[in-house]
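*Asks:* coords below, sequence missing:
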């Protein structure tokens, strides 16, 4: 069942490209939604990111392939129904987080430059005023809140061609609100951030998914009194 669900989500990710990045016409489940951002490296795979300066050589990552991983999970609630702590994310927060999906520690100026570039690109498909309004919308996700107690199934979401881990954040939040732990990392090529439309690119994303499944066993949601993944 989980394999079928993962395949369905992979197909949905392609269809989501033509729609608003942050709108889902569905009722959330009974859980609050937590989000953790994990800057991970796959040390078993080499990686070269594009050089910052034009004409310079590509920069090899000594730590391996970068996989900025977003983890949505069912969050615990206090007795009054509210979630303890945590800041609610806006759609703009997702954009800022995922601009650093290849270089985890971006200078603030470079991060904002990349956000502006994203807004400009997005404005080619819809009016810029609508893009900016959309970015201010609150989401369901609360950053780093306590997980709910229980056993939850894992879904690994594979973004569409070249997309970020938050490509379909609204769907990932929706699943977490219904009791799933959802993990995603960006769709990247084997030799850089740009995904290649060939077997090498497909194999790179498949290897990323295998890495995330293995990393799920070390999720901070585990532990005494916390949430656990089902086998």
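*Replies:* Received it, and whenever you're ready, just let me know what you need. Small disclaimer: the values here were computed from a predicted structure and weren't measured. Residues are numbered from 1 along each chain as shown.
*Asks:* Which helix or strand lies directly C-terminal to the lowest-mean-pLDDT helix or strand in the chain?
*Replies:* None of the helices or strands of the chain scores lower by mean pLDDT, DSSP states H and E than helix 2-15, at a mean of 40. Per DSSP states H and E, the first helix or strand lying C-terminal to helix 2-15 is strand 32-42.
*Asks:* Quick one: distance of that next one to the chain centre.
*Replies:* 8 Å (C-alpha atoms, centre = their mean, to the nearest Å).
*Asks:* Determine the set of other helices and strands touching that strand.
*Replies:* Here strand 32-42 touches strand 65-75, strand 138-143, helix 169-177, helix 199-215, going by 3 or more C-beta pairs under 8 Å, 6 or more residues apart in numbering; DSSP states H and E. (Each C-beta comes from the backbone N, C-alpha and C, glycine too.)
*Asks:* can you redo the ones you listed as a markdown table with distance to residue 106 and mean neighbour count?
*Replies:* Formatted as a markdown table, these follow (distance: least, C-beta to C-beta, whole Å; neighbours: other C-beta atoms under 10 Å):
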| stretch | distance to residue 106 | mean neighbour count |
| --- | --- | --- |
| strand 65-75 | 11 | 25 |
| strand 138-143 | 18 | 19 |
| helix 169-177 | 20 | 24 |
| helix 199-215 | 21 | 16 |
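*Asks:* Three-state assignment for the most centrally placed residue in the chain, please.
*Replies:* What sits nearest the mean C-alpha location of the chain, by C-alpha atoms, centre = their mean, is residue 165, with 3.0 Å. For residue 165, the secondary structure call by DSSP: H, G, I helix; E, B strand; the rest coil comes out as coil.
*Asks:* And it, how far from residue 146?
*Replies:* Distance of residue 165 to residue 146, computed by C-beta to C-beta, to the nearest Å: 22 Å.
*Asks:* and if you look at residue 87?
*Replies:* Distance from residue 87 to residue 146, by C-beta to C-beta: 14 Å.
*Asks:* quick one: which of the two has more around it?
*Replies:* Between residue 87 and residue 146, counting by other C-beta atoms under 10 Å, residue 146 is the more crowded of the two (20 against 12).
*Asks:* so that one touches residue 74, yeah?
*Replies:* No - the criterion here is C-beta atoms under 8 Å, and residue 146 misses it with residue 74 at 10.6 Å.
*Asks:* Find residues that contact each of these two.
*Replies:* residue 34 (C-beta atoms under 8 Å, 6 or more residues apart in numbering).
*Asks:* Okay, now the unreliable bits of this structure?
*Replies:* 1-25, 49-61, 77-84, 220-231 (pLDDT under 70).
*Asks:* Next, count neighbours for the residue nearest to residue 104 when sequence neighbours are not counted.
*Replies:* Spatial nearest neighbour of residue 104, excluding adjacent residues (C-beta to C-beta, 6 or more residues apart in numbering): residue 39 at 4.2 Å. By other C-beta under 10 Å, 14 other residues sit near residue 39.
*Asks:* Wait, residue 39 touches residue 71, no?
*Replies:* No - assessed by C-beta under 8 Å, residue 39 is found out of contact with residue 71, at 11.8 Å.
*Asks:* Quickly list what's touching both of the two.
*Replies:* With the criterion set as C-beta under 8 Å, 6+ apart, the contacts of residue 39 and residue 71 do not overlap.
*Asks:* List the residues that contact the closest residue to residue 26 other than its chain neighbours.
*Replies:* Sequence neighbours aside, residue 174 is the residue nearest to residue 26 in space, at 5.7 Å (criterion: C-beta to C-beta, 6+ apart). Going by C-beta under 8 Å, 6+ apart, residue 174 touches 24, 26, 28, 29, 140.
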